[in-house]
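**Student:** Dropping the sequence and predicted coords here.
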Amino acid sequence: MARTKTLFVCNDCGGTSPKWAGQCPDCGRWNTMEQSREVPRARAVGWSGDAPRLVSEVEGEIEARWPTGIGELDRVLGGGLVPGSVTLIGGDPGIGKSTLLLQAAVRLAGELPALYVTGEESLRQVGMRARRIGMEAGGLQLLAETNIERILAQSETVKPRVLVVDSIQTMHTDALDSAPGAVAQLRESSARLVRYAKQGGPAVFLVGHVTKDGAIAGPRVLEHMVDTVLYFESDLGSRFRIIRAVKNRFGAANEIGVFAMTEQGLREVPNPSSIFLSGHDGGVSGSAIMVAREGSRPLLVEVQALVDETRSGHPRRVAVGLDGNRLALLLAVLHRHAGIAMFDQDVFVNVVGGVRIVETAADLPVLLAALGSLRDRPLAPGLVSFGEVGLAGEIRPVPYGEERLREAAKHGFERAIVPAANAPRARQKGLEVIGVKRLDEAVEAAFS
Ligand code: TYD
Ligand code: MG
């Protein structure tokens, strides 16, 4: 038996140090080092000890993917589950992580041995949920357990091809004496599961809790260890759920899948294009419709802004579903290059439906929505826009311009204000495309 040794682990980054330090030697944060005892591992990451091999030999062994039978989940996974992969799913409490994984596990269990381990609910609760979502969980094995060694032992008898661990924060390993949920426990428990998956074990799904600011609770190393990280996003009160791949070793990052939470669990929304519009018939000031492109498909999204006189010395800039710093930057460009000042105004911007827009194509619609609210003038109904705004007030092209325009035309929009470089030479059927090069031109076109 290897000797145990004392070490100190950073709560934030998971870095270790043999002695206590006020500041983490790895990430530099203060007061994050916590004492922990660890049994040194016989072997670290080395999986096989094999000699190097030619990539052409290895290629032949690449197995096909297993479709989960849930199209929107397969889409974010990059076309199905990769055998031996580890996927971490994060999201707010109650957003539907357990529901989605139970649905996927039940489907997969029809084809392959699958094991669902819960550390949060009783077997009865999970069984009731399976019934509620109308699924006969016939082939699915359930286990209520929080000890990693016992889970691995059970898994050795069941030999599942798919293993769900719900959630990683409730798990603990005997190798450490810190409490479940402690950073060292989280890191070590995950490391064991990752090693198990990579040594010819099952494909593993880990459920991860998120902190108040939306990051997966625990060290960032968790996200580095796994192959795929998926995040659930949603608006308070909205029944739509968006699942986004923020990291994917086997597919495109930023791909999204869209679901609706129903009485019978999560239902796929394979054509989400227009569900994020608020549905009013135009004529509302402070609203602009954009064509976003999230992952591999275009999405019509409504950006709303409220601009109101500041009551304090510090005007507020609040962005929900968008980057707040970018909003401040855009307002500065609007002042400098279109002569419109909002330094005595509070500016609130929100993307309808809980979608988060990470692309710069939202720049122009954000400014048009804010300006509409400032002037209390609605944009023309049937108007869409997209485009990046540069610091010099120029409107820059964005990728997939034509595809975005086609989507707008398909949904009956009549006018589009877009970067000049994105405007097609040929006329679009039913859609008047106005190409603009500068911000003041765009403002003129939108409010003339
Ligand atoms: P859950 O999957 O338990 O969330 P998480 O694991 O992310 O914490 O989701 C629970 C929520 O979903 C709960 O508020 C009830 C709701 N729900 C439905 O609306 N319909 C259903 O069929 C199920 C199973 C849950
Ligand atoms: Mg849960």
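**Tutor:** Good, I have the coordinates. Ligands and ions are numbered 1, 2, ... in the order given.

**Student:** What strand or helix carries the residue nearest to Val9 when sequence neighbours are not counted?
**Tutor:** Nearest residue to Val9, sequence neighbours excluded (Cβ to Cβ, 6 or more residues apart in numbering): Ala184, at 4.4 Å. For the C-beta atoms, the positions are set from N, CA and C on the backbone; glycine is no exception. Assigned by DSSP states H and E, Ala184 falls within helix 183-198.

**Student:** which element follows that helix toward the C-terminus?
**Tutor:** strand 203-209.

**Student:** Show me what that next one is packed up against.
**Tutor:** strand 86-91, helix 97-109, strand 162-166, helix 183-198 (3 or more Cβ pairs under 8 Å, 6 or more residues apart in numbering; DSSP states H and E).

**Student:** With only the CA atoms kept, save the last one in PDB.
**Tutor:** Read that as helix 183-198. The C-alpha coordinates for helix 183-198 follow below in PDB (Å, rounded to 0.1, in the frame of the first residue of the first chain):
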ATOM      1  CA  VAL A 183     -12.200  20.400  -4.900                       C
ATOM      2  CA  ALA A 184      -9.700  17.600  -4.400                       C
ATOM      3  CA  GLN A 185     -12.600  15.000  -4.300                       C
ATOM      4  CA  LEU A 186     -14.100  16.400  -7.400                       C
ATOM      5  CA  ARG A 187     -10.900  16.300  -9.300                       C
ATOM      6  CA  GLU A 188      -9.900  12.800  -8.100                       C
ATOM      7  CA  SER A 189     -13.400  11.300  -8.600                       C
ATOM      8  CA  SER A 190     -13.500  12.700 -12.100                       C
ATOM      9  CA  ALA A 191     -10.000  11.600 -12.900                       C
ATOM     10  CA  ARG A 192     -10.900   8.100 -11.900                       C
ATOM     11  CA  LEU A 193     -13.900   8.000 -14.100                       C
ATOM     12  CA  VAL A 194     -12.000   9.500 -17.000                       C
ATOM     13  CA  ARG A 195      -9.300   6.900 -16.700                       C
ATOM     14  CA  TYR A 196     -11.900   4.200 -16.500                       C
ATOM     15  CA  ALA A 197     -13.500   5.400 -19.700                       C
ATOM     16  CA  LYS A 198     -10.200   5.700 -21.500                       C
END
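
**Student:** Give me the residue ranges of the stretch 151-300 of the chain where confidence is low.
**Tutor:** The stretch 151-300 of the chain contains residues with pLDDT under 70 at 212-219, 278-282.

**Student:** So which residues of it form strands?
**Tutor:** Under the criterion DSSP state E, counting those that start in this stretch, strands of the stretch 151-300 of the chain are mapped to 162-166, 203-209, 228-233, 240-248, 256-262, 265-268, 287-294, 297-309.

**Student:** Ok, which of the ones you listed comes nearest Val358?
**Tutor:** Closest of the strands of the stretch 151-300 of the chain to Val358 is strand 287-294, at 8.1 Å (criterion: Cβ to Cβ).

**Student:** From the chain's centroid, how far away is the closest one?
**Tutor:** 18 Å (Cα atoms, centre = their mean, to the nearest Å).

**Student:** and if you look at stretch 311-323?
**Tutor:** 24 Å.

**Student:** Export that stretch to CSV, keeping only CA atoms.
**Tutor:** Coordinates of each C-alpha in stretch 311-323 appear next as CSV, following Å, rounded to 0.1, in the frame of the first residue of the first chain:
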residue,chain,number,x,y,z
ARG,A,311,-31.1,58.5,-11.8
SER,A,312,-27.7,58.2,-10.3
GLY,A,313,-24.3,59.5,-11.4
HIS,A,314,-23.4,56.2,-12.9
PRO,A,315,-25.3,55.1,-15.9
ARG,A,316,-26.0,51.4,-15.9
ARG,A,317,-25.2,49.0,-18.7
VAL,A,318,-26.8,45.6,-18.3
ALA,A,319,-26.7,42.9,-20.9
VAL,A,320,-28.5,39.6,-20.6
GLY,A,321,-27.6,37.0,-23.2
LEU,A,322,-24.9,39.2,-24.5
ASP,A,323,-21.4,40.4,-23.5
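
**Student:** What are the contacting residues of that stretch?
**Tutor:** Residues outside stretch 311-323 that contact it (Cβ atoms under 8 Å, 6 or more residues apart in numbering): 303, 310, 324, 326-328, 331, 342-351, 354-358, 362, 366.

**Student:** Enumerate the residues of the stretch 251-400 of the chain near ligand 1.
**Tutor:** The stretch 251-400 of the chain has residues Met261, Glu263, Gln264, Gly265 near ligand 1, with proximity defined as Cβ under 6 Å from any ligand atom.

**Student:** possible to save the residues you listed as a markdown table with neighbour count?
**Tutor:** As requested, these are exported to a markdown table (neighbours: other Cβ atoms under 10 Å):
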| residue | neighbour count |
| --- | --- |
| Met261 | 18 |
| Glu263 | 8 |
| Gln264 | 11 |
| Gly265 | 19 |
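
**Student:** Take the residues you listed and lay them out in JSON lines including distance to Arg220.
**Tutor:** Converted to JSON lines, those look like this (distance: Cβ to Cβ, whole Å):
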{"residue": "Met261", "distance to Arg220": "29"}
{"residue": "Glu263", "distance to Arg220": "37"}
{"residue": "Gln264", "distance to Arg220": "36"}
{"residue": "Gly265", "distance to Arg220": "31"}
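
**Student:** how about those, which pair is most distant?
**Tutor:** Met261 and Gln264 (9.7 Å).

**Student:** quick one, domains of this protein?
**Tutor:** Using automatic domain parsing, the domain ranges for the chain come out as 5-38, 66-270, 275-447.

**Student:** Same list (those domains) but as a markdown table, adding distance to Ser56.
**Tutor:** Output for these, formatted as a markdown table (distance: least, Cβ to Cβ, whole Å):
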| stretch | distance to Ser56 |
| --- | --- |
| domain 5-38 | 36 |
| domain 66-270 | 20 |
| domain 275-447 | 30 |
